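Participant: coordinates only, sequence not included:
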């Protein structure tokens, strides 16, 4: 008697995976060891920096690594808000980090240059404080307040005749006097053409030269003035 198809036993196939015991395994401990060694190196470097640097240098290092700069804040924000299921590619992040570091260094360099410039400017001003109370030769208006003013005289060698001219703030001539061609300095006592003492105010000094009684024009002279401030 023949058996029906329903009574036939099913065929079961078993797949076995053979693991080669001689293959490389157990590499995770090496990664952990490398992390441990790196951490120890960083620790000992930190201890060395704490002992080998001054308080000001340590503050500078702390400011550099703290996320106070806009670039550091940008990177920190980017890492905090990236998609954990699709994080940024390491190569792309390294490229951005290198670019941001370059910009950050440029910003810090500019800040240092500005600091140096400020210090240099301050030192220059301090060096000029020694001029206070001394006299400086200045071409331009001079203030008269009752004390005589020394005027530096210069004129071309071809000058046949020269006159010293003093003008007030309005540009009006208040004093004119003939001077010799070899005059190098003239002490103006504040007198005007009438012999009276001029009022306190600002005055300018000129030398008008003549050749064959023809005026060759006026040239402004320098006066010695006391430095009061810098």
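Facilitator: Received, thanks. All of these numbers come straight from a predicted model, not from anything done at the bench.
Participant: where do the strands sit along this protein?
Facilitator: Assigned by DSSP state E, the chain shows strands spanning 135-139, 142-144, 149-152, 161-167, 173-179, 185-188, 201-211, 214-220, 222-226.
Participant: Mean pLDDT for those - can I get that in JSON lines?
Facilitator: As requested, these are arranged in JSON lines below (pLDDT from 0 to 100):
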{"stretch": "strand 135-139", "mean pLDDT": "81"}
{"stretch": "strand 142-144", "mean pLDDT": "89"}
{"stretch": "strand 149-152", "mean pLDDT": "92"}
{"stretch": "strand 161-167", "mean pLDDT": "93"}
{"stretch": "strand 173-179", "mean pLDDT": "93"}
{"stretch": "strand 185-188", "mean pLDDT": "92"}
{"stretch": "strand 201-211", "mean pLDDT": "91"}
{"stretch": "strand 214-220", "mean pLDDT": "89"}
{"stretch": "strand 222-226", "mean pLDDT": "85"}
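Participant: Need these in a markdown table (columns: mean neighbour count and distance to residue 39).
Facilitator: The C-beta positions use only the backbone N, C-alpha and C, and glycine is treated the same way. Written out in a markdown table, the entries for these read as follows (neighbours: other CB atoms under 10 Å; distance: least, CB to CB, whole Å):
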| stretch | mean neighbour count | distance to residue 39 |
| --- | --- | --- |
| strand 135-139 | 12 | 66 |
| strand 142-144 | 18 | 73 |
| strand 149-152 | 18 | 75 |
| strand 161-167 | 20 | 82 |
| strand 173-179 | 15 | 87 |
| strand 185-188 | 14 | 80 |
| strand 201-211 | 17 | 75 |
| strand 214-220 | 13 | 76 |
| strand 222-226 | 17 | 69 |
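Participant: Can you tell me how far the nearest residue to residue 142 once chain neighbours are set aside is from residue 148?
Facilitator: Take residue 142 and drop its neighbours on the chain: the residue closest to it by CB to CB, 6 or more residues apart in numbering is residue 223, 4.1 Å away. Noted for residue 223: a distance of 11 Å to residue 148, by CB to CB, to the nearest Å.
Participant: Tell me which of the strands of the chain lies nearest to residue 53.
Facilitator: Among these, strand 135-139 comes nearest to residue 53, with 46.9 Å by CB to CB.
Participant: now the angle from the closest one to strand 222-226?
Facilitator: 140 degrees (axes from the mean of the first three to the mean of the last three CA atoms, to 10 degrees).
Participant: by contact count, what packs against strand 135-139?
Facilitator: The elements that strand 135-139 packs onto, with contact taken as 3 or more CB pairs under 8 Å, 6 or more residues apart in numbering; DSSP states H and E, are strand 222-226.
Participant: State the paired neighbours of the strand it packs on in the sheet, together with their directions.
Facilitator: The pairing partners recorded for strand 222-226 under DSSP bridges are strand 135-139 (antiparallel), strand 149-152 (antiparallel).
Participant: check contacts around the closest residue to residue 183 other than its chain neighbours.
Facilitator: Once flanking residues are discounted, residue 183 sits nearest to residue 153: 4.8 Å by CB to CB, 6+ apart. By CB atoms under 8 Å, 6 or more residues apart in numbering, residue 153 lies in contact with 164, 179, 183-186, 207, 221.
Participant: ditto for residue 145
Facilitator: Shown in contact with residue 145 (CB under 8 Å, 6+ apart): residue 200.
Participant: go on, residue 160?
Facilitator: Applying CB under 8 Å, 6+ apart to residue 160 gives the contacts 181, 209-212.
Participant: and which of those residues is nearest residue 115?
Facilitator: Sorting the contacts of residue 160 by how near they are to residue 115, with CB to CB, puts residue 209 at the top with 52.1 Å.
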